[in-house]
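**Q** Sequence plus the predicted model coming up.
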Amino acid sequence: MNRMLQKPRGTRDFLPEEMEARRSVEANLREVARRWGYREVCTPEFEDLELFTMRSGAGIIEEMYVFEDKGGRKLALRPEVTAAVIRMYVNEAKVAPKPIRWCYFADCFRYERPQKGRYRQFWQFGVELIGADTAPADAEAVMLAADMLDAIGVSYELKVGHLSFMKNLLSGLSPGVQRKVMAHLDKKDFEGLAVTLEELKKPDLGTALKDLVACRDLDGAFAIAGNIPDKERFDQTISLLDAAGVKYSFNFGIARGLDYYTGMVFEAFAANLGAENQILGGGTYRLAQLFGGDDAASCGFAIGFDRVIVSLGDIGRRKEPVVAIICTEEGRRRALAVARAFRDAGYRAETDLMERGIGAQVTHASKTADFAVIIGKRESESGEVTIKNLQSGEQKTVTLDAAIAGVGSHGAR
RNA sequence: GCCAGGGUGGGGUAGUUGGUUAUCCUAGGGGACUGUGGAUCCCCCGACCCGGGUUCGAAUCUCGGCCCUGGCCCCA
């Protein structure tokens, strides 16, 4: 064992079985995105450090992979994709017809302590809806999120909230104090909250905030926080979600990302994941202006792909029949043609490369394949092939076309 | 950054009052054996996470580090 060749902390290797499972989930997500009109984009794996600090502040440098290139540029491996997509929009696509519907599947990097569902390299499947500043746009993002999670079969709870309720309650406070209060709420640290509000001589606010966080219905939220500026739009969004039959509950305590989210926010959680159980997060935001573009309202979300995979547990990979082409030395050339015929028919066909005897080839095939197609001296003379079903053990000598048809009529292992 | 539990061939394991060549299963390669060898038998391959300390001698005791699993914190 060579210690120099270990993989870096928080990264993973994926064997073929895992990759097949991951790709199958990914394909489901892609298919849902496609049906809703979201087209895939791709941005660089690393960007100017500034792109991320502009959005989220210098504090996040601690949690990023930051490095300097040979030209002395400060760069960072992307910790998320939204900022890059909006940069791309500003750079390349700000005159594209609105709304813009984009999606991405990308690996991201964060320098954090690995634990269940948290890795230093992880994948996100996300969508961004740019340029539609309306209730139907907000509703579409939530509906699409629910559709995607349903499509991959993960069991989840969807929470929808709106930042204006909390902003309403906190409007009298300075931004710094707001941030402090938000931190208390985020941790559900109501004792610390009470102390902070006592210092501000606003003990009543604590009660209202606590009620709001606990509130699970829309009327109640309006009663606690008063009428928010976006009331009409949020009402409309909610009525659209209800009409579409989306299953969700309200949570007006969703506080993360107050920095850049502007209105509706939503999150989804899986029950069986332990501490890192959030599998989706999103909301409406405005970033284009920050990156030098015209103001553009956006709404988007990202799915924590690795957490979804963990939550799904053992998922079946796509089943496909595997055909082992077995031959003797005199049949080898013809075996190549037979293999080609199976491949042309769309099947996965593998030939012997170890120059083993027929028996050993059958042994090997029994572990790795569903069918063995044998081309030896007898088959070469008759012009037929012998096909053996490796599960049932039955075999027969038939024409090549019949053998191909036979594979098609049976399932895989 | 903090806490707990771990780390023996590719996978799973036995082995600690310190003492032969580190056990077994499995996987992989080869042979017996040039048409079913998917069986049987035999052979091969291959490990004590890294480094320091104690000792005549360390997988075992000790210190530090690395990594894994889970939790805390954080979560754009």
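**A** Arrived safely, thanks for sending.
**Q** Report the secondary structure state of residue A:262.
**A** strand (DSSP: H, G, I helix; E, B strand; the rest coil).
**Q** mind checking pLDDT for it?
**A** pLDDT recorded at residue A:262 is 88.
**Q** next one: residue A:120
**A** 93.
**Q** Residue A:363 too?
**A** pLDDT, residue A:363: 93.
**Q** can you check the one 4 residues further on too?
**A** On the pLDDT scale, residue A:367 is placed at 91.
**Q** Same question for residue A:6.
**A** 76.
**Q** same deal with residue A:258?
**A** You'll see residue A:258 listed with a pLDDT of 53.
**Q** again with the one 10 residues further on
**A** On the pLDDT scale, residue A:268 is placed at 95.
**Q** Quick one: residues contacting it.
**A** By C-beta atoms under 8 Å, 6 or more residues apart in numbering, the contact list for residue A:268 reads A:145, A:149, A:156-159, A:278-281. (Each C-beta comes from the backbone N, C-alpha and C, glycine too.)
**Q** let's see it at 7 Å
**A** Going by C-beta atoms under 7 Å, 6 or more residues apart in numbering, residue A:268 touches A:145, A:149, A:156-158, A:279-280.
**Q** quick one, phi psi at it?
**A** Main-chain torsions, residue A:268, degrees, to the nearest 10: phi -130, psi 150.
**Q** Tell me the secondary structure at the closest residue to it other than its chain neighbours.
**A** Once flanking residues are discounted, residue A:268 sits nearest to residue A:280: 3.8 Å by C-beta to C-beta, 6 or more residues apart in numbering. Under three-state DSSP, residue A:280 falls in the strand class.
**Q** now the strands: where do they sit in the stretch 301-413 of chain A?
**A** In the stretch 301-413 of chain A, strands defined by DSSP state E, counting those that start in this stretch lie at A:322-327, A:348-351, A:371-375, A:385-389, A:395-398, listed in chain order.
**Q** what packs against the second one?
**A** Applying 3 or more C-beta pairs under 7 Å, 6 or more residues apart in numbering; DSSP states H and E, we find strand A:348-351 packed against strand A:322-327, helix A:332-344.
**Q** Was I right to think residue A:325 contacts residue A:338?
**A** Yes - Residue A:325 lies in contact with residue A:338 (C-beta atoms under 7 Å); the separation is 5.8 Å.
**Q** Please identify every residue contacting each of the two.
**A** Counting by C-beta under 7 Å, 6+ apart, the shared contacts of residue A:325 and residue A:338 are residue A:373.
**Q** of the two, who's got more company?
**A** Between residue A:325 and residue A:338, counting by other C-beta atoms under 10 Å, residue A:325 is the more crowded of the two (28 against 24).
**Q** which residues touch the closest residue to residue A:328 other than its chain neighbours?
**A** Nearest residue to residue A:328 in three dimensions, chain neighbours excluded: residue A:376, at 4.3 Å (C-beta to C-beta, 6+ apart). Residue A:376 is in contact with A:327-328, A:331, A:358, counting by C-beta under 7 Å, 6+ apart.
**Q** how much space between residue A:376 and residue A:388?
**A** 12 Å (C-beta to C-beta, to the nearest Å).
**Q** And the residue of chain A closest to RNA strand B?
**A** Here chain A gets closest to RNA strand B at one residue, residue A:359, 1.3 Å apart by C-beta to the nearest atom of the strand.
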